[in-house]
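Colleague: Okay, sequence plus prediction incoming.
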Amino acid sequence: MKKTILYTSVLAILMSTACKKNKEVQNVYPEPVANNFSPSSLEYVKLTPGKYLLYKDSASGNLDSVVVTKSEISFNSYPAIPAGGIFSPGSPAHDDYFIKLTITKFSGMSQHFWFDGHAWSGSPNDDAIVKMYEKDSAANNIHGYIITDPPILSMTVETKTYTDVIKSMAFNIGDPNNPAYNQTTLYWAKKIGIIKRRIITTGGAVKTYNLLRNN
């Protein structure tokens with residue numbers, strides 16, 4: 001009888017420990033409470049997964065119904081590296097923070113990224129919009145340069161007026177006749193995300209998407 005009680009107690013402890021370990025493993029990389037991105041910039045790009053947005057192609061009138069499928073901050077921690085001489089000065093321990101914003105378009109049984117943005121921060125109070133590089137389907141950076149303007153106090157898109165809009169323009173190469181040319185201008189509104197997206201490709205072909213509504 002004593003052996004049975006002892007066996008049962010040990011089994012219960014082992015199960016409890018296993019459950020605890022499983023929970024710990026699942027939370028190895030939680031989203032950090034603090035990060036290097038400025039809180040004001042995160043108001044524009046840190047959106048709620050599941051958020052729905054409807055855009056209109058201003059040229060064709062076609063509608064793009066999209067959903068925020070990922071909006072998360074992660075980080076990597078690096079230990080200090082001791083100095084090893086004049087050509088190896090070493091470095092202190094530090095954390096690198098990343099934010100990923102993925103907006104997906106669903107069409108029937110298929111889906112593709114409507115916007116796939118990544119930003120990296122290595123210093124305190126970085127602007128997430130300035131660092132927000134868009135990637136293509138092969139996970140390559142579409143642009144090499146990003147320029148932002150001071151906030152636009154008031155801007156109207158499809159009859160709706162937004163305040164404190166931030167404009168970011170990104171491009172890869174200077175020659176618009178190059179087959180790889182791509183220039184994208186984004187207009188960001190707080191807690192909404194992209195309200196207008198303008199893409200210029202080879203030869204000056206323009207596509208503009210205006211936000212009609214969102215939840």
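Modeller: Yes, it's here.

Colleague: could you give me the average pLDDT of the strand ranked longest in the chain?
Modeller: Using DSSP state E, we find that the single longest strand of the chain is strand 63-78. Confidence over strand 63-78 (mean pLDDT, whole number) is 92.

Colleague: Pull out the CA atoms of the helix or strand that comes right after it and give them to me as PDB.
Modeller: Beyond strand 63-78 in the direction of the C-terminus, DSSP states H and E gives the next helix or strand as strand 94-107. Coordinates of each C-alpha in strand 94-107 appear next as PDB, following Å, rounded to 0.1, in the frame of the first residue of the first chain:
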ATOM      1  CA  HIS A  94      23.000  43.700 -26.500                       C
ATOM      2  CA  ASP A  95      19.500  42.800 -27.900                       C
ATOM      3  CA  ASP A  96      18.400  43.200 -31.500                       C
ATOM      4  CA  TYR A  97      14.600  43.700 -32.000                       C
ATOM      5  CA  PHE A  98      12.600  42.900 -35.000                       C
ATOM      6  CA  ILE A  99       9.000  43.700 -36.000                       C
ATOM      7  CA  LYS A 100       7.200  41.900 -38.800                       C
ATOM      8  CA  LEU A 101       4.000  43.200 -40.300                       C
ATOM      9  CA  THR A 102       2.300  40.800 -42.800                       C
ATOM     10  CA  ILE A 103      -0.900  41.700 -44.600                       C
ATOM     11  CA  THR A 104      -2.300  38.900 -46.700                       C
ATOM     12  CA  LYS A 105      -4.800  38.900 -49.600                       C
ATOM     13  CA  PHE A 106      -7.100  35.800 -49.800                       C
ATOM     14  CA  SER A 107      -8.600  34.900 -53.100                       C
END
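
Colleague: got the angle between strand 94-107 and strand 63-78?
Modeller: With axes from the mean of the first three to the mean of the last three Cα atoms, to 10 degrees as the basis, strand 94-107 and strand 63-78 are set at 160 degrees to each other.

Colleague: circling back: okay, now the sheet partners of the longest strand of the chain, with direction.
Modeller: Under the criterion DSSP bridges, strand 63-78 sits next to strand 52-57 (antiparallel), strand 94-107 (antiparallel) in its sheet.
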